[in-house]
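Engineer: fold the following for me, if possible:
(one chain, ligands or ions: 1)
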Amino acid sequence: MNSREEFDKIANEIFFPIYEVIAREALGILGRKNGVCLDVGSGGGHLGLSVAKASDMRLTLMDVKEDAIIIANHRIKEWGLEGRTSTIVSDVRKINLPDNSFDLITSRGSIGFWGDRDEMKQAFAEIYRVLAPNGMTYIGKGFGSAELKAKITAQMKVLHPEWPQCVIDASNGFGVEDYANFLKELKIPAEIINDDRGVWIIMKKTA
Ligand SMILES: C[S@@+](CC[C@H](N)C(=O)[O-])C[C@H]1O[C@@H](n2cnc3c(N)ncnc32)[C@H](O)[C@@H]1O
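Structural biologist: Numbers count the residues shown, from 1 in each chain. Below you'll find the model as predicted:
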C-alpha cells in the first residue's frame, strides 16, 4: 500500500463496514453514549466518526501525520459532524492533550506502528494519562467479526496479493502477550480481547 490516498480509498470502499461494527462494540462495552471520545491514529477518521455517528459523543481525531488529518477534516464535513468533532496532529507517544480528558479512547490498525518496546510503553502511558476517570479504551487491530475479516481478506487479495503479509512486515511485530506485559509493567489495569472481533485492549481508569 503506497500512499495515504490509496489507504483512504481502501478504508472507504473495502474496510468501510467494519468501522460501524467496531464503534458499536466499543460503545456497548463502555455502556454509555455521551461524553468525549479520542480516536488515536485516526487516518481519514472512519472509526472515530462512526463512534460519533452512533452516539452523542464529542470527538477528537488524532494522527501523527498531517496528510491524514487533512483527509479527516474533509470527511468530518462530508459526514455532517463538524459541530462536535475536532482534529489534532500529535504523536501517541507524546499526546498534546490534557490529563483525564476522554471517556472513550479508540484506535484501530495504528498500534503496530508505535515503535519499539519503550515507545509502546510510552504510548500506553500517554493514552492512560489522557483517559478520564471511569473511562475506557478500545485499542487494537481487527475487522470486527470473522465474516467481515474473511470478506475483506478476499477483496484485498485481489488488489494486493501480498496482503496482509505486507502490513505485518511493516509493523513492530508485538502481539497480545507483549501488550499484556507492557501494561503489567506500567501497572495499568486492563483486559485484552483476542477473538473473532480482533485484538482489543480495554484499559480502565477508576474514579
Ligand atoms: C493503518 S492506518 C489506520 C487508520 C485508521 N485507524 C483506520 O483503521 O482506518 C494507521 C494510522 O496510524 C497513524 N500513526 C502511526 N504512528 C502513529 C503515532 N506514533 N501517533 C499517532 N498516529 C500514528 C498513521 O499515520 C496512520 O494514519
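
Engineer: all helices of the chain, in order?
Structural biologist: Per DSSP state H, the chain carries helices over the ranges 4-13, 16-30, 46-53, 66-78, 117-130, 146-159, 165-170, 176-186.

Engineer: show me the shaky parts of the protein.
Structural biologist: For the chain, the stretches with pLDDT under 70 are 1-2.

Engineer: which neighbouring elements make contact with the top strand by length along it?
Structural biologist: In the chain, with assignment by DSSP state E, the single longest strand is strand 131-141. Secondary-structure packing of strand 131-141 (3 or more C-beta pairs under 8 Å, 6 or more residues apart in numbering; DSSP states H and E): helix 16-30, strand 102-108, helix 117-130, strand 190-195, strand 198-203. Glycine gets a C-beta too; all of them are placed from N, C-alpha and C.

Engineer: residues in contact with that strand: which ones?
Structural biologist: Contacts with strand 131-141, where a contact means C-beta atoms under 8 Å, 6 or more residues apart in numbering, come from 22, 25-26, 29-30, 35-36, 40, 100-109, 111-112, 127-128, 190, 192-193, 198-207.

Engineer: give me the buried entries from those residues.
Structural biologist: In those, burial by neighbour count holds for 22, 25-26, 30, 35-36, 40, 101-109, 111-112, 127-128, 190, 192-193, 198-205, counting by 16 or more other C-beta atoms under 10 Å.
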